[in-house]
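# build me a structure from this.
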Amino acid sequence: MTLMKPSLLAAVVLALTAPAAVAAPAAGHSHSSHRIPFTAATVTANDDGSYHVVWTAPGVRSVAVRADGHVVARGGATGDVTVKGLPAADRQWFDLVPERGGSLHLADRLVKLDGTVNFRDAGGYRTADGHWVKMGEIYRSDALNKLTAADVAKLGRLGIRADYDLRTESERTSAPDVVPSYVTYHVADVLAGSSMTTTMPTTEEAAVQMMVDGEKYMVSGATAQAAYTSVFAGVADEDQHGLVYHCTAGKDRTGWSSAALLTALGVPRATVMTDYLASNAYRAAANAATLAAMTPAQAKVYKPLLDVRAEYLNSGFQEVHDKYGTFGAYLDKGLGIDAKELRALKRDLLVG
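Coordinates of the predicted model:
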């Protein structure tokens, strides 16, 4: 039996961590003046090379599904189609085109790479007021140190321009990122100088509490605020789009980054939670392998460290409430994003 050293596992705890990809704006569309009629839309890439496309657009009589410049399927106000026979692509995009209103441009949320399991689009969600977060702009991921040459080439073709590394110095030193040479690398160390990775829990209850406390630190910890301020500055800079932020497993530090971004853009809390919890599905095999190398007693203690759970993310939002009162105040006082900057962020990343 092989176990992780306590110091290594401690570093993994807050770094570790699905829904299918969700609709985003149509290619070439800027902030559309036409209301997007879709209330839900997803694409799932199947193992056999086909794609499952599902949508809901109340009141719409017809929707054309386009890919590679051709109509590949049609439907009405609701649709559930499987598209086969498309040529291989780094990432297959679809346009859902209604007979009226704005279109959506969407792909499977997961970007499949040999060296990651949790590299996915951070956008593609519907806001509470009916806008959609663009896909293909901002990404979230687990560690990038195991990317293959083919992975690096693929990221280049997908337009990755900026890499925000949320990991600690020891993580970065032992497992440095592998990205295209022209990608701008930024250190945004969420836990720098904190004690969050130095003491390991000895009971299941202590492990859960460690994760809850870690989530709170991501909101009110000084180094966390500095790190997320840096990430949001990158997200707000359109020249850096094709931006990826990541930690070791893409679930905790990365999870709060996405939760904060989506919440700022107006995505409902339930949708934010779904995105957060998706890491359990994407990381299922990796987590199972880690736990299988432990005794049952050890696995019971360590499993909460590998999971994402609603109570973890909820503790972060509760910390926002306790320390700032409102999420808007957190953005302003904690991350330096005032109302004007938030409006600009929405103009850049929302359509519809």
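# check the gap between residue 352 and residue 36 for me.
Distance of residue 352 to residue 36, given as C-beta to C-beta, to the nearest Å: 4 Å. Yep, even glycine has a C-beta here, placed from its N, CA and C like the rest.
# and residue 75, what does it touch?
55, 62, 63, 65, 81 (C-beta atoms under 8 Å, 6 or more residues apart in numbering).
# so which strand or helix has the closest residue to residue 210 other than its chain neighbours?
With C-beta to C-beta, 6 or more residues apart in numbering as the criterion, residue 210 has its nearest non-adjacent residue at 5.2 Å, and that residue is residue 201. Using DSSP states H and E, residue 201 falls within no helix or strand.
# hang on, isn't residue 201 packed against residue 212?
No. Counting by C-beta atoms under 8 Å, residue 201 stays clear of residue 212, with 11.4 Å between them.
# next up, the contacts around the closest residue to residue 145 other than its chain neighbours.
Leaving out its chain neighbours, the residue that sits closest to residue 145 by C-beta to C-beta, 6+ apart is residue 175, at 3.8 Å. The contact partners of residue 175, by C-beta under 8 Å, 6+ apart, come to 143, 145, 146, 248.
# ok, 10 Å please
11, 143, 144, 145, 146, 167, 248 (C-beta atoms under 10 Å, 6 or more residues apart in numbering).
# contacts only, for the third one.
It refers to residue 144. Contacts of residue 144 by C-beta under 10 Å, 6+ apart are 113, 115-116, 119, 151-152, 155, 160, 163, 165, 167, 175-179, 183, 185, 244, 246, 248, 250.
# quick one, helices of the stretch 1-150 of the chain?
Under the criterion DSSP state H, counting those that start in this stretch, the stretch 1-150 of the chain contains helices at 6-13, 149-157.
# next SSE downstream of the last one?
This means helix 149-157. Going down the chain from helix 149-157, the next helix or strand is strand 162-165, by DSSP H and E.
# circling back to that earlier point, now render the contacts of residue 175 as a markdown table, adding pLDDT.
Shown next, in a markdown table, are the contacts of residue 175 (pLDDT from 0 to 100):
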| residue | pLDDT |
| --- | --- |
| 11 | 37 |
| 143 | 98 |
| 144 | 98 |
| 145 | 98 |
| 146 | 98 |
| 167 | 98 |
| 248 | 97 |
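# ok, back up a step: shared neighbours of residue 352 and residue 36, anything?
Common neighbours of residue 352 and residue 36 are listed as 25, 29, 101, 102, 103, 104, 126, 130, 131, 132 (criterion: C-beta under 10 Å, 6+ apart).
# closest one of those residues to residue 298?
Checking those against residue 298 by C-beta to C-beta gives residue 126 as the nearest, at 41.5 Å.
# how near is the closest one to residue 83?
Taking C-beta to C-beta, one finds residue 126 at 22 Å from residue 83.
# neighbour count for these two, which is higher?
Neighbour count, other C-beta atoms under 10 Å: between residue 126 and residue 83, residue 126 has more, with 23 against 18.
# so what's that one closest to, chain neighbours aside?
residue 132 (5.5 Å).
# who does that neighbour bridge with?
Beta bridges link residue 132 to residue 126, residue 351, judged by DSSP bridges.
# in CSV: the shared contacts of residue 352 and residue 36, plus pLDDT and distance to residue 292.
CSV is the format used below for the shared contacts of residue 352 and residue 36 (pLDDT from 0 to 100; distance: C-beta to C-beta, whole Å):
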residue, pLDDT, distance to residue 292
25, 41, 42
29, 39, 47
101, 95, 49
102, 96, 47
103, 97, 45
104, 97, 40
126, 98, 38
130, 96, 45
131, 97, 43
132, 97, 40
